[in-house]
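the sequence isn't on hand, but the structure is:
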Ligand code: SF4
């Protein structure tokens, strides 16, 4: 199917231009809206409804990120569940890779095996997994409350880090702050990071 990119939208929970607690260095963060995985103890239940949040065109999101290059080191895509908006995420990461030198980190609650199964059933010739080649680090797996760690960008111990390029290594994640308060231009506060609401 031919995708008219100008008609592609993502439903987002939020967007942050500059964050230090969502990956190595200074990063823009895209939080997608909508997740049906229902991990018990999820720290972001506001992200579950597929109807909440706001819509943004992939084109305008790319433009905003491209214009920030030079001030940020990369982007982090989190959720909600980004891969429940698979097509738009695919286009987003391909364009960011093509048009910038930014690093790309993608969080997903799906396991590597689930993602691989999804890629395997795509029609041949539909670019199959080429968009995954654009991701530097994929952090995969459900949040398991009993295995909560909230360190080094892993919400729980079972989370798997897949280093898909040689751009980052595990040690790059060890000193990422666990939480951060971002003060917006209107004085609004954003508490972010890995499991920030239970910051200990
Ligand atoms: S995948 Fe993430 S957003 Fe979805 S329920 Fe699990 S922890 Fe929450």
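Okay, I see it. Every value quoted in this text rests on a predicted model; they were computed, and no experiment measured them. Residues are numbered from 1 along each chain as shown.

show the average pLDDT along the longest strand belonging to the chain.
Among the elements of the chain assigned as strand by DSSP state E, the one spanning the most residues is strand 9-19. The average of the pLDDT scores along strand 9-19 is 95.

cool, stretch 56-68 as well?
Across stretch 56-68, pLDDT averages out at 97.

how about stretch 188-199?
In the prediction, stretch 188-199 has an average pLDDT of 71.

what lines up beside the longest strand of the chain in the sheet?
With DSSP bridges as the test, strand 9-19 is paired with strand 27-32 (antiparallel), strand 54-57 (antiparallel).

save the ones you listed as a markdown table, and put in distance to the ligand too.
All C-beta atoms are positioned from the backbone trio N, CA, C, and that covers glycine. Written out in a markdown table, the entries for those read as follows (distance: least, C-beta to the nearest ligand atom, whole Å):
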| stretch | distance to the ligand |
| --- | --- |
| strand 27-32 | 9 |
| strand 54-57 | 17 |
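
low-confidence ranges, the chain, go.
Residues of the chain meeting the criterion pLDDT under 70: 1-6, 121-129, 195-200.

let's go with 50 and repeat that
For the chain, the stretches with pLDDT under 50 are 1-2, 199-200.

ok and the residue in it nearest the ligand?
Shortest the chain-to-the ligand distance, computed as C-beta to the nearest ligand atom: residue-wise this is residue 109, at 2.5 Å.

how about the residues of the protein by the ligand?
Residues of the chain found near the ligand (C-beta under 6 Å from any ligand atom) are 35, 37-39, 42, 44, 47, 79-81, 109, 142-143.

alright, I will stop here.
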